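A.B. asks: All I have is the shape, not the residue letters:
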């Protein structure tokens, strides 16, 4: 699903890898499909990439702490994201992501 130089791949129909246009060339660390079907990917440039429900179109969402580099994240029961970074742990709501 993600990789070096901002490369994003999507496993399509269980048999084909499809390359997706990426808005960044940063290393991508982790991906997560949210409960609403959207996809979030953590970038080494201190940003989150938010994808549509099909995972074919991504937009950049800067983190609240500009210098923070996301290392991992989870979606909590209330739907918010818990993000671990090199600066600490942050909680953001999906309303904060466009």
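C.D. replies: Received, thanks. None of the values given here were measured: they were computed from a predicted structure. Numbers count the residues shown, from 1 in each chain.
A.B. asks: Please name the nearest non-neighbouring residue to residue 37.
C.D. replies: In space, and not counting its chain neighbours, residue 37 is closest to residue 53: 3.8 Å by Cβ to Cβ, 6 or more residues apart in numbering. Where you see a C-beta, it was placed from the backbone N, CA and C, and this is true even at glycine.
A.B. asks: and the one you found, what is it in contact with?
C.D. replies: 36-38 (Cβ atoms under 8 Å, 6 or more residues apart in numbering).
A.B. asks: For it, report the pLDDT, please.
C.D. replies: We have a pLDDT of 71 for residue 53.
A.B. asks: How about residue 28?
C.D. replies: 89.
A.B. asks: give the contact list for it.
C.D. replies: 2-4, 6-8, 22, 41-44, 49.
A.B. asks: What of residue 18?
C.D. replies: Contacts of residue 18 (Cβ under 8 Å, 6+ apart): 9-12.
A.B. asks: Determine the three-state secondary structure at it.
C.D. replies: Following DSSP: H, G, I helix; E, B strand; the rest coil, we place residue 18 in the strand state.
A.B. asks: hey, where'd the helices end up in the protein?
C.D. replies: For the chain, applying DSSP state H gives no helices.
A.B. asks: give me the low-pLDDT residue ranges for it?
C.D. replies: 1-3, 55, 64-67, 97-98 (pLDDT under 70).
A.B. asks: center of it - which residue?
C.D. replies: Centroid-nearest residue in the chain, with Cα atoms, centre = their mean: residue 41, separated by 1.7 Å.
A.B. asks: List the beta-bridge partners for that one.
C.D. replies: residue 31, residue 49 (DSSP bridges).
A.B. asks: didn't it look like it was pressed against residue 8?
C.D. replies: Yes: Residue 41 is in contact with residue 8 according to Cβ atoms under 8 Å; the separation is 6.9 Å.
A.B. asks: just checking, residue 45 touches residue 24?
C.D. replies: Yes: Residue 45 is within contact range of residue 24, at 6.2 Å (criterion: Cβ under 8 Å).
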